[in-house]
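Student: Dropping the sequence and predicted coords here.
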Amino acid sequence: MKAVIVEDEIIAAQNLQRLIQQVDNSIEIVAVLKSVEECIEWFTFQPMPDLVFMDIHLSDGSSFSIFSKTSIGCPIIFTTAYDQYALNAFEVNSIDYLLKPINKKDLERAITKYRNLSTSKNLDSEMLAELADMIKNKKSGYKSRFLIPYKDKFLTLDISEIAYIYSENKTARMVSMNDKAYQMNSSLDEVFKQLDPLLFFRANRQFIISRNVVKDIFSWFDGKLYITLSVPTPEKIIISRARVQDFKAWYTD
């Protein structure tokens, strides 16, 4: 099977290629494309691959703009940091989407889905509608508030009151806008899955931050970013070079 990766971040493209080879080493990556312009030229003149892994945010614009300039006649698996783009993705022959950071289990699920659909030839509008409904249901499942155990009762913390969440001893601590910290019984990964990615960003392994408290954004060494918030944090919040474009897209969207 021949596949194309569309990704403007070199490290992210290399990581995805490595994961694809781990899941199925029979998949041949025939091209790694980095921009909308490069995609339009490649898909106009080159033979169509069997599958495309496509990032939504590229350095010169949204990958959705590619489809108005050229035809891509093969299934697409979108990669994105944001659920809100999933419904748009299903309008342009997408069969699945992978939320960044991409893990091996989700990638394996997407490739298996592609193979099943290819075998049964059931990739039709009805199935795409079912997939879109699945995304809608997932979107509505984000938490609006958390119940936090405190002594012999539970405290209520509304999503709008959360400034950031950080990991301490493998469990999450939520910090409110007025700098009060609350110990959770969940890990940072488990908490992040319950948050709307429009409002919160997974900055690194230690921090999830709210859009509402980002104060200053500094260039840091080696292409990284240093983020300060309007509330104190226990340590510096550094965005890795591989996550910089995702952060910029999230913050400016």
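Tutor: That came through fine. Residues are numbered from 1 along each chain as shown.
Student: wait, doesn't residue 13 sit right on residue 19?
Tutor: No: at 10.9 Å, residue 13 and residue 19 do not qualify as touching, with contact defined as C-beta atoms under 8 Å. No exception for glycine: its C-beta is placed from N, CA and C like everyone else's.
Student: What residues of the helix or strand harbouring residue 15 count as buried?
Tutor: Per DSSP states H and E, residue 15 falls inside helix 10-23. Residues 12, 13, 15, 16, 17, 19, 20, 23 are the ones in helix 10-23 that count as buried (16 or more other C-beta atoms under 10 Å).
Student: Please spell out the segments of this protein that come in under the pLDDT threshold.
Tutor: Within the chain, the ranges that satisfy pLDDT under 70 run 81-94, 119-141, 253.
Student: what's the burial count for the nearest residue to residue 233 once chain neighbours are set aside?
Tutor: Once flanking residues are discounted, residue 233 sits nearest to residue 164: 6.6 Å by C-beta to C-beta, 6 or more residues apart in numbering. The number of residues packed near residue 164 is 25, by other C-beta atoms under 10 Å.
Student: contacting residues for the nearest residue in space to residue 28 that is not next to it in sequence?
Tutor: With sequence-adjacent residues excluded and distances taken as C-beta to C-beta, 6+ apart, residue 28 is closest to residue 2, at 5.2 Å. By C-beta atoms under 8 Å, 6 or more residues apart in numbering, the contact list for residue 2 reads 27, 28, 30, 49, 50, 51.
Student: cutoff 7 Å now
Tutor: 28, 30, 49, 50 (C-beta atoms under 7 Å, 6 or more residues apart in numbering).
Student: Now intersect those with the strands, please.
Tutor: 28, 30 (DSSP state E).
Student: May I ask which of the contacts of residue 2 has the most neighbours?
Tutor: Counting by other C-beta under 10 Å, top hit in the contacts of residue 2: residue 49 with 23 neighbours.
Student: My read is that that residue contacts residue 32, right?
Tutor: No: taking C-beta atoms under 7 Å as the definition, residue 49 is not a contact partner of residue 32, at 11.8 Å.
Student: how far away is residue 161 from residue 172?
Tutor: Residue 161 sits 15 Å away from residue 172, going by C-beta to C-beta, to the nearest Å.
Student: So for the two, which residue has more residues nearby?
Tutor: The neighbour comparison of residue 161 against residue 172 (other C-beta under 10 Å) goes to residue 172, with 21 against 17.
Student: Okay, and the beta partners of the more buried one?
Tutor: Taking DSSP bridges as the rule, residue 172 bridges to residue 167.
Student: For it, which residues are in contact?
Tutor: When contacts are counted by C-beta under 7 Å, 6+ apart, residue 172 touches 165, 184, 186, 187, 188, 191.
Student: if you set the cut-off to 6 Å instead, what comes out?
Tutor: Neighbour list for residue 172: 165, 184, 186, 188, 191 [criterion: C-beta atoms under 6 Å, 6 or more residues apart in numbering].
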